[in-house]
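In: Next one to model:
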Amino acid sequence: MALKLGKSFNRNYTIQIPIMNGYYNMGIYFDKKSTFLLFKIEPDFENTTFEHNVKINMFKNLEASKFCETFIDLHNFRKNTLDIVNQFKKIKDNYTHNISFILNETITLSKIHLEDKNVYDTLNIYGLTMEGFNEEFIFIITERQNILKRLGKKIVRTSGIQIATTPSLDMLEDYHQEGKIYSQEKKQLYTNPNKIINFEKEELENSQHI
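Out: Okay, here's the model as predicted:
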């Protein structure tokens, strides 16, 4: 059955995502005058007999994603001219060797002159995977930067879609649990001064007993 978009969408951008021995065709439907968007996913495994166990999850709130919670720094900011929610900032420093980009694209919809400078109305698409699971896991972050010229304001909103096999989800869960333990230990270290070792003080006390 065809997807009926109505008047809410007037643009479509399609990406072919390789998973195992096949593909998923992902359509991103959006409107040039808003941040609202919609995904459409269609499998294409005609040339393989692989028994697929692939799970697809969509996230309107990236903070609800274990992948983003574990691996990604998100940026939030508000002022009179900016309204940014969960913008992709970077891969967390301690995971730069575990996560890699497989997709990084920007579609520029228009250029607008605001406050003596040019700003761009765009759709940004980031595709990331876990090392060792390049053909089994992909997380797509779509970032819509919409310029409201009449209000002199930029609105930034993000959504995500995760396509993953069961083994890759098991690995994601391991990373997620490890990340929670690391965060707890780091928090305890900075909130409990008794666990912070002052090496100069310790060396001084030891030297007095020699």
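In: Could you use CA atoms for every contact and neighbour count after this?
Out: OK.
In: The helix or strand encompassing R157 pairs with which strands, and in what direction?
Out: Assigned by DSSP states H and E, R157 belongs to strand 153-165. Strand 153-165 has its sheet partners listed here by DSSP bridges as strand 54-59 (antiparallel), strand 82-91 (parallel), strand 137-148 (antiparallel).
In: Identify all contacting residues around the second one.
Out: By that I understand strand 82-91. Identification of contacts with strand 82-91 by C-alpha atoms under 8 Å, 6 or more residues apart in numbering yields 61-63, 71-78, 99, 141, 143, 153-158.
In: Could you do stretch 61-73 as well?
Out: With C-alpha under 8 Å, 6+ apart, stretch 61-73 has contacts from 59, 86, 88-92, 95, 99, 139, 158-160, 172-173, 175-176, 179.
In: ok, back up a step: show me what the strand holding R157 is in contact with.
Out: With C-alpha under 8 Å, 6+ apart as the criterion, strand 153-165 contacts 35, 52-62, 80-87, 136-148.
In: Just the buried subset of those residues, please.
Out: Neighbour-count burial (16 or more other C-alpha atoms under 10 Å) applied to these gives 35, 54, 58, 62, 84-87, 136-148.
In: Restricting to C-alpha, output stretch 83-91 in PDB.
Out: What follows is stretch 83-91, C-alpha atoms only, in PDB (Å, rounded to 0.1, in the frame of the first residue of the first chain):
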ATOM      1  CA  ASP A  83      16.000  26.600  19.600                       C
ATOM      2  CA  ILE A  84      18.100  23.400  19.500                       C
ATOM      3  CA  VAL A  85      17.000  20.100  20.900                       C
ATOM      4  CA  ASN A  86      19.300  17.000  20.900                       C
ATOM      5  CA  GLN A  87      21.500  18.100  18.100                       C
ATOM      6  CA  PHE A  88      24.400  15.700  17.200                       C
ATOM      7  CA  LYS A  89      27.600  17.100  18.700                       C
ATOM      8  CA  LYS A  90      30.200  14.400  18.500                       C
ATOM      9  CA  ILE A  91      31.000  10.800  19.400                       C
END
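In: State the mean pLDDT of it.
Out: On average, the pLDDT along stretch 83-91 is 97.
In: sorry, back to before: state the mean pLDDT of the strand holding R157.
Out: Strand 153-165 carries an average pLDDT of 95.
In: Centre-most residue in this structure?
Out: I141 (4.6 Å; C-alpha atoms, centre = their mean).
In: I figured it was touching Y126, is that so?
Out: Yes - here I141 reaches Y126: they are 5.1 Å apart, a contact under C-alpha atoms under 8 Å.
In: Strand 153-165 and the helix or strand just after the strand holding R157, what's the angle between them?
Out: Moving toward the C-terminus from strand 153-165, the next helix or strand (DSSP H and E) is helix 166-191. Between helix 166-191 and strand 153-165, the angle comes out at 130 degrees (axes from the mean of the first three to the mean of the last three C-alpha atoms, to 10 degrees).
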